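Q: task: produce atomic coordinates for the following.
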Amino acid sequence: MPLEPLSQKEIEDRLAELPGWSLDGDRLSRSYRLDSHFAAVALVVHIAQVQEALDHHADLTLGHHTVSLALHTHSVGGAVTEKDFELAGRVEELSTGHGAR
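A: This next block holds a predicted model:
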């Protein structure tokens, strides 16, 4: 079944289930703060593993104590799809184990 862009209402409803995530233009986005640069790097590596497993990749930005993500689906013209929410949910689950807030 091909991926379809989600409607604005579907995106808003799904975002209500993901505290800290927002729609920034045409992308889902979230920034995490961590206790150290090393912890931020470890979170990026863990996110990269999940992305490979899902075959869906976010734009990741690594800062001194921060990790920021921006997600959208290139294959549907850069719209937000179910795959973006699947990745966001997985990142949200693993981030707490890294002490991200």
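Q: so residue 72 touches residue 79, yeah?
A: Yes. Using CB atoms under 8 Å, residue 72 is in contact with residue 79, at 6.4 Å. C-beta here means a position set from N, CA and C on the backbone, and glycine is covered the same way.
Q: common neighbours of those two, please.
A: residue 26 (CB atoms under 8 Å, 6 or more residues apart in numbering).
Q: looking at those two, which is more packed in?
A: Neighbours were counted for residue 72 and for residue 79 using other CB atoms under 10 Å; residue 72 has more, 22 against 17.
Q: show me the contacts for the more buried one.
A: 26-28, 78-81, 84.
Q: make it 10 Å
A: 5, 23-29, 58-59, 78-81, 83-84 (CB atoms under 10 Å, 6 or more residues apart in numbering).
Q: quick one: which of these sit in strands?
A: Secondary structure from DSSP state E places 23-24, 27-29, 59 of the contacts of residue 72 in strands.
Q: show me what the host helix or strand of residue 38 is packed up against.
A: Take DSSP states H and E as the rule and residue 38 turns out to sit in helix 37-54. Counting contacts by 3 or more CB pairs under 10 Å, 6 or more residues apart in numbering; DSSP states H and E, helix 37-54 packs against strand 27-33, strand 59-62, strand 66-71, helix 82-95.
Q: list the buried ones in the second one?
A: Put plainly, it is strand 59-62. Residues of strand 59-62 classed as buried under the neighbour-count rule (16 or more other CB atoms under 10 Å) are residue 60.
Q: which helices and strands sit right next to it?
A: Of the remaining helices and strands, those touching strand 59-62 by 3+ CB pairs under 10 Å, 6+ apart are strand 27-33, helix 37-54, strand 66-71.
Q: what does the average pLDDT come to for the first one?
A: If I follow you right, that is strand 27-33. For strand 27-33, the mean pLDDT works out to 98.
Q: who does that strand pair up with?
A: Strands adjacent to strand 27-33 in the sheet, as given by DSSP bridges, are strand 22-24 (antiparallel), strand 66-71 (antiparallel).
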